[in-house]
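# one predicted model, sequence on top.
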Amino acid sequence: MSLVGIAGCSEQVPEVTVPAGMVHGEQASPSAVIRKPHVAQGCNLETVNGQPVASLPVQVSNGQIALSGWIAGQIDERGVLVGQTSLVFSASPGPTEIIFAGADVHHREDVARSLGEPALSAAGFEAVLDGSKLSPGTYALTLKRGSYACAQSFSLQRGN
């Protein structure tokens, strides 16, 4: 599988070396490294209903909609990606916002390697949604993980 449209953060992950025995009250090695919490950035919507996203807006129907891709986010001091993935559909025009939370997590070693951030191996997601919950129209789709919202948004169009 190839990566399409990866946007990533080029800044180095901050690290702190601490003396042995100072890691959360546990015995640590003399060279224990604790990562400072930080935010890894980037996301990508890669497939809709099993087909690669080739152009926007993506056309969807009123049946099941299967979306997959990856989203970065907050990484804690243990080097773990935290927060639940959600997909936010915002209708245009108007303030309609529909949030689908609880996408399944899929391992993405390719994303972790490409962005140099091991925690992003847990950045993959797959969500199966009921398209009938979306009224016909065009939606901006924003991918979120916890409090992190990806700056890149995607456009989906639901026909009649």
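Arrived safely, thanks for sending.

# where along this structure do the strands fall?
Secondary structure of the chain, counting by DSSP state E: strands at 15-17, 33-35, 38-48, 51-52, 58-60, 64-75, 85-92, 97-101, 104-106, 124-130, 137-145, 148-158.

# of these, which stretch is the most buried?
Ranked by average neighbour count under the criterion mean count of other C-beta atoms under 10 Å, those are headed by strand 64-75 at a mean of 22. From N, CA and C alone the C-beta is placed, and that goes for glycine too.

# name the helices or strands packed onto that strand?
Applying 3 or more C-beta pairs under 8 Å, 6 or more residues apart in numbering; DSSP states H and E, we find strand 64-75 packed against strand 38-48, strand 124-130, strand 137-145, strand 148-158.

# quick check: closest non-adjacent residue to C150.
Spatial nearest neighbour of C150, excluding adjacent residues (C-beta to C-beta, 6 or more residues apart in numbering): C43 at 3.6 Å.

# A140 versus the one you found, what's the distance?
Computed as C-beta to C-beta, to the nearest Å, the C43 to A140 distance reads 14 Å.

# quick one: contacts of stretch 151-159?
Residues external to stretch 151-159 that are found in contact with it (C-beta atoms under 8 Å, 6 or more residues apart in numbering): 5, 7, 41-45, 48, 53, 56-62, 89, 131, 134-143.

# avg pLDDT for it?
Here stretch 151-159 scores 89 as its mean pLDDT.

# got the CA positions of that stretch in PDB?
These are the backbone C-alpha positions of stretch 151-159, laid out as PDB (Å, rounded to 0.1, in the frame of the first residue of the first chain):
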ATOM      1  CA  ALA A 151      -6.100  21.300   9.100                       C
ATOM      2  CA  GLN A 152      -6.800  19.500   5.800                       C
ATOM      3  CA  SER A 153     -10.500  19.000   5.100                       C
ATOM      4  CA  PHE A 154     -12.100  16.800   2.500                       C
ATOM      5  CA  SER A 155     -15.300  17.300   0.500                       C
ATOM      6  CA  LEU A 156     -18.000  14.700   0.200                       C
ATOM      7  CA  GLN A 157     -21.200  15.000  -1.900                       C
ATOM      8  CA  ARG A 158     -24.300  12.900  -1.100                       C
ATOM      9  CA  GLY A 159     -26.600  12.600  -4.000                       C
END
